[in-house]
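**Student:** My questions are about this predicted structure, shown below with the sequence.
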Amino acid sequence: MSILIAAFGFGLVSASVIALAAVGFTMQFGITNMINLAYGEVMIASAYIAYYVDERGVSIWIAMLIGAAFGAVFSFLINRLIYSPFQRKGTSLLGMVIVSLAVSLMIANIMLPIVGYFPVSYNERFSNLLRFGAIALTVNQIAIFALAAAIMVAIHALLRYTRLGKAMRATAANPTLARNCGIPTQRVIDAVWLITGALCGLAGVVAALDSDSFTISSGAGFLITALAAAVLGGAGQPYGAMIGAVVIGLITELSAAVWSPDYKQVVAFAILVVVMVLRPQGLLAKRGAAAAAG
Amino acid sequence: MNTYYAANLLIFAGVDIIACIALNLQFGVSGIVNFAFIVFQAAGAYTAAVLSMPPDTAADYSFQIYFGGFNLPFPLPWIGGAVAGALLAVPIGLVVLRNLRSDYQAIALLVTSIIANTVINNARPWLNGAAGLALVPQPLQDQIDPATDTYFYFYIGLTAICVGLVWFMAARIVNSPFGRTLRAMRDQELAATALGKNPVALKMTMFIVGGAIAGLSGAILVGFLTVWAPSTWLYPETIILFAAVIVGGRGNNLGAVLGALLVPVGFEEVTRLLVNLNIGPPNFIPAMEWVLIGLFILGFLWFRPEGVRPEGHKVFPEGFESGVRVLGEHD
């Protein structure tokens, strides 16, 4: 029993990491209508930027901020230079999926000769262990949990109470109507890519810190868990992604405790399949993966 | 240029042509973005391998673990490979193609591809895990010595026959009323549904047909290579085939053949030449090759989305709506 309680603690940490990634991913889709398959590669690129900063002896928490800033600028540029022109040209949703996959492939292979195949890890990956009954977590893990919780509250406040957040929701609901009401949708979309890019970069560094080491090929795994959480919650729904992250984080860690840690991604995938068969629109969505609507 | 090099080139070209025709039937003609294509090729290759290999208890084979090992004579392993590709298409198609939006279908298939590779890579008892299968018997190797030029000519001939068969079948599908129905569904799914066509059944059919052809291509490949491992079917391999079909011309079988010769075969040869030059770090050239494939996809989608060989004559060039307009003018 105590192993399950311990796994519950790990599950909360996993959920924090997944939530950071999934909320950014789902906001990109919900507001800019872009399934960004390069998301995992931007995460891993940011993780490497933080790694090189960390190697210079800078604290990981500052490196994390630099990673997030890099993710923001990088995502913004990808959208401005590639996605947005293709969307303006009238490329179909399917075409955009192919475009983003090509971008993902290019990022991974531009990085490969620079970073190499070998796994790397941050200097601060070990920290003191704190015990709460059967749950034992490191200081890093508690910091990750607190950080993710704070960011989720901040996202909630942004979407609910600020002018920018309201403009984002209006753009997500109906871009043409939003523009006609005087909302500068282009600037809103730029802001979305900067914010979600920062989340993506932050999530990359946090995910890399939470796993002992990471390689260039970790990006696909990051993408799959973020995708699973986003689809489970209902694509385009930030609150759905948060719920999805908690569900997937807890289930994967519990399955790792009772079965095998090798198959965490497979469990996430199994959840994804079940959702796609039984409730393709996701837990919360008004619109989602279901066909028909057009 | 020796015979081995020529055989290598021709057989790879044949396999890539078969794969591109299958992908064109799914992606170009029917509009199914099958990002898991390479999984079907792998299913065919693994099936052909375990059907032709002796059980893993046999002498010389005991260093690997796999299920089956049926020692079947050629051509049963190749037929088995095609059947395996078709059978695998049924469950995947039932989950993915039934009630998902088309862009979700694409990402669901991509995730399927990544996960299938992870599972086979980690689970050793089924198909020998990351090390993969080796010493796969070659077709008719007891009759003709595989180390001779005669065998290379024989294998090139076999591949050519398969290319011919697949081409014939694909041409029949594309030019038939069924092919027109598929294109109608791809361009205007709602309109095709309104005319009584069942898009799910049509997509399932093409998913299974494409899966069978992909399985056959895998069987041909493994019979020549004699080895097959998870590292040979990572998901970027599917992207190369997509690049080929996009470059060649979506919806046009001849375009698919041209794309296969330009992208997978052409790139393979160029890299082979460039690797000898020793530019940059060891993995620099292969990595830049992938970047170039990405650029090819983006460049063609931007400048020439219809590809080198476009699909050909359309009655209503701008799609259904302009067709309605044209019809309206005649009234």
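**Tutor:** Here it is on my side, so go on.
**Student:** Which residue is the nearest non-sequential neighbour of residue 149?
**Tutor:** I'll assume chain A. In this structure, A:A149 finds its nearest non-sequential neighbour in A:S16, 7.2 Å apart by Cβ to Cβ, 6 or more residues apart in numbering or on different chains. All C-beta spots, glycine's among them, are computed from the backbone N, C-alpha and C.
**Student:** that answer is for a different chain, and I need it for chain B
**Tutor:** Nearest one to B:D149, counting by Cβ to Cβ, 6+ apart, is B:T3 at 4.7 Å.
**Student:** can you check A:V97 too?
**Tutor:** That would be B:A106: by Cβ to Cβ, 6+ apart, it lies 4.8 Å from A:V97.
**Student:** From what I see, the one you found and B:F35 are in contact.
**Tutor:** Yes - counting by Cβ atoms under 8 Å, B:F35 is a contact partner of B:A106 at 5.5 Å.
**Student:** Give me the three-state assignment for the residue lying closest to B:G69 once chain neighbours are set aside.
**Tutor:** Computed as Cβ to Cβ, 6+ apart, the closest residue to B:G69 that is not its neighbour in sequence is B:P55, at 3.5 Å. State at B:P55, reduced to three classes by DSSP: H, G, I helix; E, B strand; the rest coil: coil.
**Student:** so who does B:P55 touch?
**Tutor:** B:Y61, B:G68, B:G69, B:N71 (Cβ atoms under 8 Å, 6 or more residues apart in numbering or on different chains).
**Student:** Now do the end-to-end distance for stretch B:142-157.
**Tutor:** One end of stretch B:142-157 sits 18 Å from the other (Cα to Cα, to the nearest Å).
**Student:** Please state the mean pLDDT value computed over that stretch.
**Tutor:** Regarding stretch B:142-157, the rounded mean pLDDT is 86.
**Student:** Residues in contact with it: which ones?
**Tutor:** Residues contacting stretch B:142-157 (Cβ under 8 Å, 6+ apart): B:3-4, B:6-7, B:10-11, B:14, B:138-141, B:223-224.
**Student:** repeat that for 7 Å
**Tutor:** By Cβ atoms under 7 Å, 6 or more residues apart in numbering or on different chains, the residues outside stretch B:142-157 that reach it are B:T3, B:Y4, B:A7, B:L10, B:I11, B:Q138, B:F224.
**Student:** Considering the residues you listed, which is situated nearest to B:A84?
**Tutor:** B:F224 (18.1 Å; Cβ to Cβ).
**Student:** Where does the closest residue to the closest one other than its chain neighbours fall, secondary structure wise?
**Tutor:** Of all residues not flanking B:F224 in the chain, B:I11 sits nearest, at 5.2 Å (Cβ to Cβ, 6+ apart). Per DSSP states H and E, B:I11 falls inside helix B:3-23.
**Student:** near chain B, which residues of the stretch 151-294 of chain A?
**Tutor:** Taking Cβ under 7 Å from any Cβ of the partner chain, the part of the stretch 151-294 of chain A that reaches chain B is made up of A:220, A:224, A:227, A:262, A:265-266, A:269, A:272-273, A:276-277, A:280, A:289-291.
**Student:** helix or strand for B:T181, which one?
**Tutor:** Going by DSSP H and E, B:T181 is in helix B:177-187.
**Student:** who does the helix or strand containing the residue nearest to A:A149 touch, helix- and strand-wise?
**Tutor:** A:S16 is located in helix A:2-32, with elements delineated by DSSP H and E. Where contact means 3 or more Cβ pairs under 7 Å, 6 or more residues apart in numbering or on different chains; DSSP states H and E, helix A:2-32 is packed against strand A:135-138, helix A:139-161, helix A:163-173, helix A:185-210, helix A:218-233, helix A:238-258.
**Student:** and the ones you listed, which is most packed in?
**Tutor:** helix A:218-233 (a mean of 27; mean count of other Cβ atoms under 10 Å in any protein chain shown).
**Student:** so what does that one touch, helix or strand wise?
**Tutor:** helix A:2-32, helix A:39-55, helix A:238-258, helix A:264-278, helix B:102-122.
**Student:** one step back: hmm, which of the contacts of stretch B:142-157 are the buried ones?
**Tutor:** Among the contacts of stretch B:142-157, the ones that count as buried by 16 or more other Cβ atoms under 10 Å in any protein chain shown are B:A7, B:L10, B:I11, B:Q138, B:F224.
**Student:** what sits against the closest residue to B:V227 other than its chain neighbours?
**Tutor:** The shortest distance from B:V227 to any non-neighbouring residue, by Cβ to Cβ, 6+ apart, is to B:A134 (4.8 Å). B:A134 makes contact with B:Q64, B:T226, B:V227 under the criterion Cβ under 7 Å, 6+ apart.
**Student:** my guess is the second one contacts B:L133, does it?
**Tutor:** No - contact criterion Cβ atoms under 7 Å: B:T226 and B:L133 do not qualify, at 8.9 Å.
**Student:** Compare these two and say which is more crowded by neighbours.
**Tutor:** B:L133 (22 against 15; other Cβ atoms under 10 Å in any protein chain shown).
**Student:** How about the contacts made by the residue nearest to B:F224?
**Tutor:** Per Cβ under 7 Å, 6+ apart, neighbours of B:I11: B:Y155, B:I156, B:T159, B:F224.
**Student:** Out of those, who's the most crowded?
**Tutor:** B:T159 (24 neighbours).
**Student:** Could you say which helix or strand holds that one?
**Tutor:** Applying DSSP H and E, one finds B:T159 within helix B:149-175.
**Student:** Give me the buried stretch members for that helix, please.
**Tutor:** Those would be B:151-152, B:154-156, B:158-159, B:162-163, B:166-167, B:169-170, B:173-174, for helix B:149-175 by 16+ other Cβ under 10 Å.
**Student:** which of the residues you listed lies closest to B:L23?
**Tutor:** So of the buried residues of helix B:149-175, ranked by how close each gets to B:L23 (Cβ to Cβ), first place is B:A170, at 10.8 Å.
**Student:** ok, that closest one - contacts?
**Tutor:** B:I21, B:L25, B:N253 are the contacts of B:A170 under Cβ under 7 Å, 6+ apart.
**Student:** how about the nearest residue to the last one, chain neighbours excluded?
**Tutor:** The shortest distance from B:N253 to any non-neighbouring residue, by Cβ to Cβ, 6+ apart, is to B:A170 (5.2 Å).
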